[in-house]
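Peer 1: Okay, here's the prediction I keep looking at, along with the sequence it came from:
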Amino acid sequence: MHHSIEIEQLTYSYPDGHQALQEVSLVIQPGEKVALVGPNGAGKSTLILHLNGILSGPGQVKVCGLEVNKENLSRVRAMVGMVFQSPEDQLFSPTVFDDVAYGPIYQGLSPEEIQERVHLALDAVGMSEYEGRVSHHLSLGEKKRIAIATVLSMHPEVLILDEPTAGLDPRARRSFIDLLRALPMTMLVSSHDMLFVEELFPRMVILDGGRVVADGQTIALMRDDQLLNLHGLERPC
């Protein structure tokens, strides 16, 4: 069985010379839910963007056994569901149905398959009644659910989320956590919400200065106040 995510000695520098990642290595097994944490500027978003080929640096990145390169890019992007911090980056169609159908249409599926994919994805995020709604008229929490549906409709094996609880009120946040807990696929989530991390993710990876500085059981790392303080993190109250 292939690893869901396998990163070896990944390094990346932006055009201005800033080195965002330094020899990062990370392996995530199928079905694991892993939190990626660290201070602002640690390299979390840069790392995530390598997983579907938006960025590419020296080192090796594999998703579900496939190397992330130009030849495999379309297959990799079908396997990796990327949900950005702002749902506005993913919702641009006239209706919710059109947004969720976009990926399956791009994959060349039949109208019947597209319809089924949309229904299943919306049902999975508890938004079955929203097909005909205009995405931009929804609440932030509803938009985030629809954004997840847009990637679930492509049947990804890995789900990547960047700051998924940012901006949510307590009720929407609780609903969103319950949704993510119920989803069965491999998950890598970047977050500053340490209470969310503690509740949902058995494993935590701390990134700082572009390097992995800790990787282990969340419950153990959360007890290490010295480690957390050193890397600009706080144990949740």
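Peer 2: That came in fine, so what should we check first? Residues are numbered from 1 along each chain as shown.

Peer 1: Using just helix, strand and coil, how would you label the closest residue to residue 14 other than its chain neighbours?
Peer 2: Closest residue to residue 14 apart from its sequence neighbours, by CB to CB, 6 or more residues apart in numbering: residue 20 at 6.1 Å. (Each C-beta comes from the backbone N, C-alpha and C, glycine too.) Residue 20 falls in the strand class when you classify it by DSSP: H, G, I helix; E, B strand; the rest coil.

Peer 1: quick one: residue 20 from residue 186, how far?
Peer 2: 24 Å (CB to CB, to the nearest Å).

Peer 1: Neighbour count for the two, which is higher?
Peer 2: residue 186 (24 against 21; other CB atoms under 10 Å).

Peer 1: Would you confirm that that one contacts residue 4?
Peer 2: Yes. Between residue 186 and residue 4 there is a contact under CB atoms under 8 Å: 4.0 Å.

Peer 1: Find residues that contact each of those two.
Peer 2: Counting by CB atoms under 8 Å, 6 or more residues apart in numbering, the contacts common to residue 186 and residue 4 are 28, 29, 30, 31, 32, 157, 158.

Peer 1: Any of these buried? List them.
Peer 2: When the shared contacts of residue 186 and residue 4 are checked for burial by 16 or more other CB atoms under 10 Å, the buried set is 28, 32, 158.

Peer 1: Where does the prediction get shaky in this protein?
Peer 2: Scanning the chain for pLDDT under 70 picks out 1.

Peer 1: Tell me which stretches of it form helices.
Peer 2: Taking DSSP state H, the helices of the chain run over residues 44-49, 73-79, 96-106, 111-124, 140-152, 170-182, 194-200, 218-222, 225-230.

Peer 1: What residues sit buried inside the last one?
Peer 2: By 16+ other CB under 10 Å, the buried positions in helix 225-230 come out as 227, 228.

Peer 1: how much distance is there from that helix to the middle of the chain?
Peer 2: Offset of helix 225-230 from its chain centre (CA atoms, centre = their mean, to the nearest Å): 25 Å.

Peer 1: can you check the fourth one too?
Peer 2: Relative to the chain's own centre, helix 111-124 is displaced by 21 Å; criterion: CA atoms, centre = their mean.

Peer 1: Residues in contact with it: which ones?
Peer 2: Helix 111-124 is touched from outside by 96-97, 100-101, 104-105, 109, 128, 130-131, 146, 149-150, 152-155, 183, with contacts defined as CB under 8 Å, 6+ apart.
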